[in-house]
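Participant: using only what follows, build the 3D model:
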Amino acid sequence: MAEIVIVPDRAAAGALVADEIAALIARKRDAVLGLATGSTPLPVYEALRSRLAGVDVSQVRGFALDEYVGLDPAHPESYRSVIHREVVDPLGLDPARIRVPDGTLDGIEHHGEIYEAAILEAGGVDLQILGIGTDGHIGFNEPGSSFGSRTRVKTLTQQTREDNARFFDSIDDVPMHCITQGLGTILEARHLVLLAFGEGKAEAVAGALEGPLTASLPGSAIQLHPHVTVVIDEQAASRLAHADYYRYAYANKPAWQGL
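Facilitator: Sure, this is the predicted structure:
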């Protein structure tokens, strides 16, 4: 069962997860981080700036979850640009050690295999940050994605394109395809940390944590993982049937367990 931590707000979530990542880097200088994009993980990256100030992060490695297909890597909303703008530059990471799936059309049929090989060569992901979409997707694994799926090209749903249109001039500018780590790839990370905020995510969160294991709600795949931490605010927790127990369990957990 996932550990579910209900916090007052995004800032509290960011501080909690940033502390865990900083502790990971302190004990493993070449830690491998799984990096998510979008607005959800921003409080974590912001909190990490103070946690990592003065810390040697030259050996830290990272792998982004996904990338748009056919979008110029220099476009401000390509995930390569976003990762460098929000994570690499502010935290002082080595750009050469941070990988993003290759979404260029030339050779796209092989880019997934190449990315999988790079993750394997790095020794796997130590801690994977995740968000969850309103339709339950994690990464860009849309409903119907196989729990055994690997990094591959996917067609984005209309709902996902509408959700992401806020980052573009119009929905017509949102790419139709992406390349994303598969659910099987994500589940191989040693620690999954899923964040969600706001009432709009409440239904997806409840389905992923307390609903049936189903490809129709890809986020439910986290139920298969032995080490999952879910950090959510009160609004995102509002449809959980066992929220009181989650609060009780977290308040009474052994101090040595960490996240």
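
Participant: which ones are touching the closest residue to residue 127 other than its chain neighbours?
Facilitator: Among residues not flanking residue 127 along the chain, residue 191 sits closest, at 4.6 Å (Cβ to Cβ, 6 or more residues apart in numbering). Where you see a C-beta, it was placed from the backbone N, CA and C, and this is true even at glycine. If you count contacts by Cβ atoms under 8 Å, 6 or more residues apart in numbering, residue 191 has them with 126, 127, 128, 227, 228, 229, 259.

Participant: contacts only, for the first one.
Facilitator: With contact taken as Cβ under 8 Å, 6+ apart, residue 126 is in contact with 24, 28, 31, 32, 33, 189, 190, 191.

Participant: keep only those of those residues that are in strands.
Facilitator: Among the contacts of residue 126, the ones falling in strands (DSSP state E) are 32, 33, 191.

Participant: related to what we said a few turns ago, show me which of the contacts of residue 126 are buried.
Facilitator: By neighbour count, with 16 or more other Cβ atoms under 10 Å, those hold 24, 31, 32, 33, 189, 190, 191 as buried.

Participant: for the chain, where's the lowest mean pLDDT among helices and strands?
Facilitator: Using mean pLDDT, DSSP states H and E, helix 158-164 stands out as the lowest-scoring helix or strand of the chain, at a mean of 88.

Participant: buried residues, that one. List them.
Facilitator: Buried-residue list, helix 158-164, by 16+ other Cβ under 10 Å: 160, 161, 163, 164.

Participant: same check on stretch 175-185?
Facilitator: By 16+ other Cβ under 10 Å, the buried positions in stretch 175-185 come out as 175, 177, 178, 179, 180, 181, 182, 183, 184, 185.

Participant: the helices in the stretch 151-259 of the chain, which residues?
Facilitator: Taking DSSP state H, counting those that start in this stretch as the criterion, the stretch 151-259 of the chain contains helices spanning 158-164, 183-186, 202-210, 243-251.

Participant: related to what we said a few turns ago, how about residues contacting the least confident helix or strand of the chain?
Facilitator: The set of residues external to helix 158-164 that reach it, using Cβ under 8 Å, 6+ apart, is 133, 134, 135, 137, 140, 142, 156, 171, 174, 176.
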